[in-house]
Structure formats: C-alpha cells, structure tokens
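# here's a sequence, model it:
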Amino acid sequence: MAKEGLRYLAFSRRALLIAAGQGLVMTILGGRLYYLSVVQGEEYRLRADENRIANRMLLPDRGQILDRFGEPLASNKRDFQVYLIPEQAGDVAKTLDQLGRVITLEDRQVAAIERQISRQRRFLPVSVAQNLSWPDFSRVNASVVDLPGILPDEGRIRYYPSGHLVSHIVGYVAPARDEDLYEDRDPMLRQPGFRMGRQGLERTWDRHLRGAAGQKKVEVNSVGREIRELPPRDEPINGDDLILTIDRSLQDFTVKRTGEEAAGVVVLDINTGDILSLASTPTYDPNDFIKGMSNENWQSLLEDPRKPLVNKAIGGSYPPGSTFKMVVALAALENGILTPDTKHYCNGKHNLGGHTFHCWQTRGHGSLDLNEAIAKSCDVYFYNVAEKLDIDDLAGVARRFGLGQPYNVGIEGERTGLVPDRDWKRGRELGKWHLGETLNVSIGQGQMLATPLQLAVMTARLASNRKVTPRLVRGYKVGDAGEEPVFDDMDMTPRDFEVMQRSMASVMEPGGTAMNYARSKTAPKISGKTGTAQVRRITMAEREEGVLENDELPWKYRDHGLFVGFAPRENPRYAVAVLMQHGGGSSAAVPVASDILDYAIANQSGDKQGEIIDRVGEASVGSEAGPAPVESEV
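Numbers count the residues shown, from 1 in each chain. Below you'll find the predicted structure:
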C-alpha cells in the first residue's frame, strides 16, 4: 500500500506540474491572442487592408491654352495607355516579351522601360505604351491575365490642335527629368505618363496649368488586379486655363504666308499692345514630342540651316537695316541736328577719314530732304546726319523706342538685342568708340541688333506717339481682357512724329522703295519702311569686279529682308514687323507684311478673308511693274 501511495503521489505531482505547465501555456497563448487581437488588432487590420486596398493617385487635366476668342491652342484628349508594375511582374523581361506579342514594342522602347525601372522603386508603375489604338488596347485587356504586372489604363494626354502653327508660342510638355525631380518635389512628377512644361508657355506657366492631384482607394486581389473602387474619392483639381492675345486665324494666315522661308513676324494691336500674331518659320509639330520623336527626325530639326527650333520672332537678333532710320531721324530732330527741310546731296559715296561708305544706290540719289531720304532710304543722307549725332544720344532715343530690352512675354529664350554706345564698348574693353561706327549704326548695321518683336514695338510707338508695351497673356477665362493698358506719351515733339509718319507713307508711294507693290484702290493704306541688312562684308576687289547679286550667293550669305509698317494709315490699329532671314532683301518682306495687314484689318471688321487668301495663293504678290528696288546698305 505504501508503494502504491508513493506512486499515486508521484503521479499527482506530475499531473499537477503538467496541468500547471498547460495552464501557463494557455495563459501565454491567451495573453498573446489578446495582445494580437485587441492591443495590436488595429495595426494588423490596417496591414490586411494594405494588402487588400491600394491607393491610386488621380492626375488632373492640364489647363488649356486658348487664343483670344477661346479657340484651343493646347488641350487634352483621351488616351489608351499601358503601365508595368515591376514588383508584380516578377521577370520583367519575360513580361515585356509576352506583351510584345500583343502590341508592337520596339527595341528602343524596351530599353527605355528598363532604364526607367532601374531609376525608381519597383513598386512604382512605369509607362510602357501610350497613344494605343482601340484594337490594340482591347487586345491588351483580353490578355492581361497572362501578363503579370501589366496595367491597362485610360487617361488623358496633351494635344495641340493647331499643331505647328503655334509651336514656338505654346511649346510642348515632356516627362520629368532627374534634375526636375530634384528641384520639384511634386509627387505627380513621378507618376508614369505625367508631363510637365518643357518649352514655351507650357514651361513658363507650368505651375498654373498643372493643377493638383486627387486620390482614390481600390480593392485589389492577390495579384494586384483592381476589384472595385472604395469610397470616398478625392477628386483632382484641374489646372487653370490660360487665355492669350493671339488671334489663331491671323496666326494661321501668317505662318502659311511665310511658308517654309526662314522668317520671323510679329503683329501688334497698337491700342492695347496685344500680340495678335507671333510667328517663326519653318516650324515643327509639338505633337511629335508627345508621341515620341525618332532620332532621325530630331537630328533633321537640329541640322536644318533655317533653324526650325529657334523662335526667330523673339529669340533671334538681327541688324535692323534701314527700318532703324526713323529712330535716327527723330534723335537728330530732337537734338537740333536737322529739320524736315534739311537737304544733303548723295552721289552714292560718303568719305570719312580715308574710308568710303557706300549708298545702296550706287549712282546716288541727288539732293534730298528728310522725307525723300526716308522714302528712298538714302544711306548717304544718314551718314551726313550721323557725323553730327552723338552715339549716346542716338542710343538713348533707340531705347525709348523699345530697342535693346526684353519684354518678358512669357516665352524663354527672348533676346535683348543690342543698342551700342560708349559704355557698352568700354565695358567689353573694346577700345574707344569711333565715328565710323556711328555711321554704320545710323543705317541699322554694325553692332546694332534687334528682334522682330522689338521692331514691332518700335513701329507701334512711331505710329501712336505712345509707349506701347506688348503682352501675350490676356487673362484666365474666355472673354477676360484683363486690365485695359494705358500707355504714356513718348515725351517727344508731336510734329516730329507727324514728319516720320508722312515719310513712312511716302515709302509706299511713287518714288519710295516699296512703291511697286500693288494694292487695290479699296485696300487700306499702309505706311512702312523697308530694310535690307547685310550679313557679309563686300570687299573692294568685289566692288571693282562687280558686286554679286543675292541669287548668286549661297543662302547663308544673302541679305536679310525686313519691313515694318502700320495700318490703316489714317487711324493706325495694327503694327507689323517682318524679317525674312537671308531673303535677299526687302522685296521679300514687303508683300508678306502687306498681305498680313490686309488680313488683320479684314478680320477685325468681320469681312471675309477669302479674297485675300485667293489673291495671296502660294506666292507673294507684286505689281506688274516688278519688284521694288532693294536697298543694300554697306
């Protein structure tokens, strides 16, 4: 019995220890269960939701860029896209190979996708294809079960309905670069397919046009496929629109009128300073940058000698030639150097210190007063004026007429031009200013440089005697003209302006350099000034043998052709500046400017432009008497 009692006690102790152990284990398990389900329950529910619920950023529509009448110059359109999430794809190369059997993927696209994957985290989506057709997009959706990590999506993409007509104005958008991501922390920039402004107004006004992102929550399955959207949704805020001063119809006519010539044209509303047309040709289609431009097309743009990527209207500085002579005359009138009746004799040459300065008319013009000197564009007359005119006085008047300064109209790359004076030369340690340099500047040559926009401003101020200042952005909603500008007077003698305006009228009349360009009797009268700017120096040997004509020279050595003018003559409303780069002289610019002014006036009055368009056709229109004489300053 004693042994049985001992065995019972031993068994009881073991059973108690086991029970105690089991109780301890159950207590620990219960405590752990309580900790996981109660204390940490919310965290694990969130983790489960993170596996089940995904946040998707909702990108806003980019604001539109509209012309003064609300016509879209840059808008957005529906776009079928395909993205790849590398983390879900596993073997990216295999997935892309499978996708390439459904839609066309070029080697360069695959290489770009792989580069993008290497630069970002693998859970972020990468754009694989955009601008897909509906059949291609449908095939991707039908095959998505066999394409891990592939996400078809319908989005919006930038579209330029006017194409090449406004490319130098609106610019284009492009994906963010590494330096953009460093400077701008906006998370939208990291989203595949999102584009930011790269050139033109798209770049300058990028923040205004960009908008703000929204967000939605979606339930996903184990492979990341969306099952359903969960409320609530945080809607994106679309970008604000931008209303320009541009008249799309006039811009269209201007670009087509200059054709494939290397040209820069600006049309201003003299009353408001509105830039109605700002054209640079040849041009390019910004939609090509959205679709993806091939290396071949990009190289062709870079290598084209006519520089289609350069905005010649504001980004090119050129000698203004004889279009500058009105400013020289006003400076001389203001400083008492001449009167409207002052005469000088031109025999085709002017001697200064043993150097001969030539007039474009080799046989000379004879005796001329100021009106005749401008109408006939006599260089010798202005050489005589320049001998008495201080360069600093001339530079001061030139700047008052808007030359030598930028206007910051919202497009990068605007050039300031150059109005040379003594301080400019001293600052560059180029030595003493010489009188011969003043003679060159007096005919718009030498160091004197201007952009077509500056020449248009100069012309608007000549026509109005007011400090007209250009603007390109009109407002932020259709019909909003913004604050009506008020321009100060030029603080110059009104009589002197009247003299210049009469002289510019004489340019277009018998005896003037633009007299031979036909205008119907019912057409509005134009006042203007021709200009020809040399780009090469004519040697004495060439003069003795005979100066080569422009059509005998390679294109890059031909003279620039210029014309500035305003219309209607009696009540000036429009100012125009036309530069025909290497056009061979002013005869290339006058008919272009004439047709553009006619169209602008007809457009304003509501008249039909069909007659003008038919008259213009594909070529410039001159009178039966042939082209006007071309002044070629030396």
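# from here on, just use CA atoms for contacts and neighbour counts.
Will do.
# domains of this structure?
Using automatic domain parsing, the domains assigned to the chain come out as 54-244, 248-302+317-616.
# need the winner for burial among those domains.
Among the domains of the chain, domain 248-302+317-616 has the highest mean neighbour count (mean count of other CA atoms under 10 Å), at a mean of 20.
# what's the pLDDT at residue 128?
Reading off the confidence values, residue 128 has pLDDT 82.
# how about residue 615?
pLDDT, residue 615: 51.
# before we move on, the earlier item: can you redo the domains of the chain as JSON lines with distance to residue 309?
Output for those, formatted as JSON lines (distance: least, CA to CA, whole Å):
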{"stretch": "domain 54-244", "distance to residue 309": "8"}
{"stretch": "domain 248-302+317-616", "distance to residue 309": "7"}
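# rank the ones you listed by pLDDT, which is bottom?
domain 54-244 (a mean of 85).
# pull up the distance across it, start to finish.
41 Å (CA to CA, to the nearest Å).
# please apply the same query to stretch 568-575.
9 Å.
# one more: stretch 169-177?
Across stretch 169-177, first to last residue, CA to CA, it's 22 Å.
# surely residue 131 is within a helix?
No: secondary structure of residue 131 (DSSP: H, G, I helix; E, B strand; the rest coil): coil, not part of a helix.
# and of the domains of the chain, who's closest to residue 17?
Residue 17 lies closest to domain 54-244 among those, at 46.2 Å (CA to CA).
# isn't residue 572 up against residue 459?
No: taking CA atoms under 8 Å as the definition, residue 572 is not a contact partner of residue 459, at 10.5 Å.
# now do the shared contacts for these two.
Jointly contacting residue 572 and residue 459 under the rule CA atoms under 8 Å, 6 or more residues apart in numbering are residue 566.
# mind listing the helices in the stretch 201-350 of the chain by residue range?
206-210, 248-258, 287-291, 295-303, 312-315, 325-334 (DSSP state H, counting those that start in this stretch).
# turn the ones you listed into JSON lines, columns for distance to residue 79.
Putting the helices of the stretch 201-350 of the chain into JSON lines (distance: least, CA to CA, whole Å) gives the following:
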{"stretch": "helix 206-210", "distance to residue 79": "18"}
{"stretch": "helix 248-258", "distance to residue 79": "26"}
{"stretch": "helix 287-291", "distance to residue 79": "11"}
{"stretch": "helix 295-303", "distance to residue 79": "23"}
{"stretch": "helix 312-315", "distance to residue 79": "33"}
{"stretch": "helix 325-334", "distance to residue 79": "53"}
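# to residue 105, which of these lies closest?
helix 287-291 (13.9 Å).
# so which elements touch the closest one?
Helices and strands touching helix 287-291, by 3 or more CA pairs under 8 Å, 6 or more residues apart in numbering; DSSP states H and E, are strand 150-159, strand 173-175.
# how about those in JSON lines, adding distance to residue 268?
Output for those, formatted as JSON lines (distance: least, CA to CA, whole Å):
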{"stretch": "strand 150-159", "distance to residue 268": "27"}
{"stretch": "strand 173-175", "distance to residue 268": "27"}
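# any idea how far the residue lying closest to residue 528 once chain neighbours are set aside is from residue 460?
In space, and not counting its chain neighbours, residue 528 is closest to residue 565: 3.7 Å by CA to CA, 6 or more residues apart in numbering. Noted for residue 565: a distance of 9 Å to residue 460, by CA to CA.
# overlap in contacts, these two.
Common neighbours of residue 565 and residue 460 (CA under 8 Å, 6+ apart) are residue 575.
# alpha carbons of the longest strand anywhere in the chain, as CSV, please.
The longest strand of the chain (DSSP state E) is strand 72-84. Provided in CSV are the C-alpha atoms of strand 72-84 (Å, rounded to 0.1, in the frame of the first residue of the first chain):
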residue,chain,number,x,y,z
PRO,A,72,-7.8,75.9,-78.1
LEU,A,73,-4.1,76.0,-78.9
ALA,A,74,-3.2,73.4,-76.3
SER,A,75,-5.8,71.0,-74.9
ASN,A,76,-6.2,67.3,-73.7
LYS,A,77,-7.6,64.3,-75.4
ARG,A,78,-8.5,60.7,-74.5
ASP,A,79,-5.5,58.3,-74.4
PHE,A,80,-5.2,54.5,-74.1
GLN,A,81,-2.1,53.6,-72.1
VAL,A,82,-0.4,50.5,-70.6
TYR,A,83,1.7,50.5,-67.5
LEU,A,84,4.0,48.0,-65.8
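# next secondary structure after it?
Sequence order places helix 86-89 as the next helix or strand after strand 72-84, per DSSP states H and E.
# helices and strands around that next one, which ones?
Under the contact rule (3+ CA pairs under 8 Å, 6+ apart), helix 86-89 is packed against no helix or strand.
# offset the numbering so it begins at 16, please.
Happy to do that; since the first residue is 16 now, the last one works out to helix 101-104.
# what sits up against it?
107, 110, 132, 137-141, 162-165, 238-239.
# identify the farthest-apart pair in the residues you listed.
132 and 238 (19.3 Å).
# ok, residue 451 - contacts?
residue 367 are the contacts of residue 451 under CA under 8 Å, 6+ apart.
# give me the next element, helix or strand, following the helix or strand containing it.
Secondary structure from DSSP H and E places residue 451 in helix 450-457. The element immediately downstream of helix 450-457 (helix or strand, assigned by DSSP H and E) is helix 467-479.
# give me the helices and strands touching that next one, please.
Using 3+ CA pairs under 8 Å, 6+ apart, helix 467-479 sits against strand 278-284, helix 327-330, helix 509-522, strand 575-582, strand 589-595.
# need those in a markdown table with distance to residue 345, can you?
Formatted as a markdown table, the helices and strands packed on helix 467-479 follow (distance: least, CA to CA, whole Å):
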| stretch | distance to residue 345 |
| --- | --- |
| strand 278-284 | 22 |
| helix 327-330 | 25 |
| helix 509-522 | 7 |
| strand 575-582 | 16 |
| strand 589-595 | 19 |
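# for residue 199, which of these is the nearest?
Across the helices and strands packed on helix 467-479, closest to residue 199 is helix 327-330 (CA to CA), at 27.0 Å.
# pLDDT of that closest one, averaged?
On average, helix 327-330 scores 96.
# which neighbouring elements make contact with that helix?
Checked by 3+ CA pairs under 8 Å, 6+ apart, helix 327-330 has strand 278-284, strand 290-296, helix 467-479 packed alongside it.
# right, and the ones you listed - which one's nearest residue 263?
Using CA to CA, the nearest of these to residue 263 is strand 290-296, at 7.8 Å.
# ok so, going back, between the helices of the stretch 216-365 of the chain, which one is closest to residue 522.
helix 340-349 (11.8 Å).
# pretty sure residue 72 contacts residue 233?
No: using CA under 8 Å, residue 72 is not in contact with residue 233, being 10.8 Å away.
# would you confirm that residue 232 contacts residue 249?
No: using CA under 8 Å, residue 232 is not in contact with residue 249; the gap is 9.2 Å.
# CA atoms only for stretch 390-410 - export them in PDB, please.
Provided in PDB are the C-alpha atoms of stretch 390-410 (Å, rounded to 0.1, in the frame of the first residue of the first chain):
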ATOM      1  CA  ALA A 390      11.200 107.300 -98.700                       C
ATOM      2  CA  LYS A 391      14.200 106.400-100.900                       C
ATOM      3  CA  SER A 392      16.200 105.000 -98.000                       C
ATOM      4  CA  CYS A 393      19.300 107.000 -98.800                       C
ATOM      5  CA  ASP A 394      22.300 105.900 -96.800                       C
ATOM      6  CA  VAL A 395      24.500 108.900 -97.600                       C
ATOM      7  CA  TYR A 396      21.900 111.300 -96.200                       C
ATOM      8  CA  PHE A 397      22.100 109.400 -92.900                       C
ATOM      9  CA  TYR A 398      25.900 109.200 -93.000                       C
ATOM     10  CA  ASN A 399      25.800 113.000 -93.000                       C
ATOM     11  CA  VAL A 400      23.400 113.100 -90.100                       C
ATOM     12  CA  ALA A 401      25.400 110.600 -88.100                       C
ATOM     13  CA  GLU A 402      28.600 112.700 -88.400                       C
ATOM     14  CA  LYS A 403      26.900 115.300 -86.100                       C
ATOM     15  CA  LEU A 404      24.900 112.900 -83.900                       C
ATOM     16  CA  ASP A 405      26.500 111.600 -80.700                       C
ATOM     17  CA  ILE A 406      26.200 107.800 -80.400                       C
ATOM     18  CA  ASP A 407      25.000 108.100 -76.700                       C
ATOM     19  CA  ASP A 408      22.200 110.500 -77.800                       C
ATOM     20  CA  LEU A 409      21.100 108.100 -80.500                       C
ATOM     21  CA  ALA A 410      21.300 105.100 -78.100                       C
END
